[in-house]
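1. attaching a predicted model along with its sequence, questions to come.
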Amino acid sequence: MKKIPSFTVDHIRLLRGIYVSRKDAVGDETVTTFDIRMKEPNREPCLSPSAIHTIEHLAATFLRNHPTWADKIIYWGPMGCLTGNYLVVKGDLQSADIVGLMKETFRFIATFEGDVPGASPKDCGNYLMMNLPMARWEAQKFLDEVLEKLTDANLNYPE
């Protein structure tokens, strides 16, 4: 059976950060999948389902409306382990290429006020599972502790 590349990452040494998870050829284009890791796996509590669900709605809305990046954004969604999110983008990119975008995204989430986009029974399959205050807190924590202090160890998977 073929190994899944993301299952070969050393999660024991993995830090919070922005990582290139994979690159795929789609026709003549390259699509880059990023691992936006907000929690250290197996060493700190994961994101609550309601916080990461809210982060999903806010990040997807922000990214798909971004003046520069909107046409390159394919997908933003939570990891099943609840330690981060996947961002899929058109282009052959490196982690450093999206640092500014991630800072903007998490600032947007950390300061968001009002109704969460798509949080209605018509628009979402579990619209009651939202927690804006916790999503804002987690976004600010990730911004302050990781995105504003990135090193190579936060941008490249451990060997």
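-> Alright, I've got the coordinates.

2. for the rest of this, base every contact and every neighbour count on C-alpha atoms.
-> Noted.

3. how much space separates the residue nearest to Val31 when sequence neighbours are not counted from Leu147?
-> In this structure, Val31 finds its nearest non-sequential neighbour in Lys90, 4.6 Å apart by Cα to Cα, 6 or more residues apart in numbering. Per Cα to Cα, to the nearest Å, Lys90 is found 22 Å from Leu147.

4. can you tell me the SS state at the residue nearest to the spatial centre of the chain?
-> The centroid of the chain falls nearest to Asn85 when counting by Cα atoms, centre = their mean (3.4 Å). Secondary structure, DSSP: H, G, I helix; E, B strand; the rest coil: Asn85 is strand.

5. and Phe34, by the same measure?
-> From three-state DSSP, the assignment for Phe34 is strand.

6. partners of it in the sheet?
-> On the basis of DSSP bridges, Phe34 is bridged to Val20, Leu87.

7. mind checking pLDDT for it?
-> Model confidence at Phe34, given as pLDDT, is 97.

8. give me the number of residues near it?
-> 22 (other Cα atoms under 10 Å).

9. how close does it sit to Arg136?
-> Phe34 is 21 Å from Arg136, where distance means Cα to Cα.

10. same thing with Ala153?
-> 25 Å.

11. those two: which is more packed in?
-> Using other Cα under 10 Å as the criterion, Ala153 and Arg136 rank with Arg136 on top: 22 against 15.

12. is it correct that that one falls within a helix?
-> Yes - counting by three-state DSSP, Arg136 is found in a helix.
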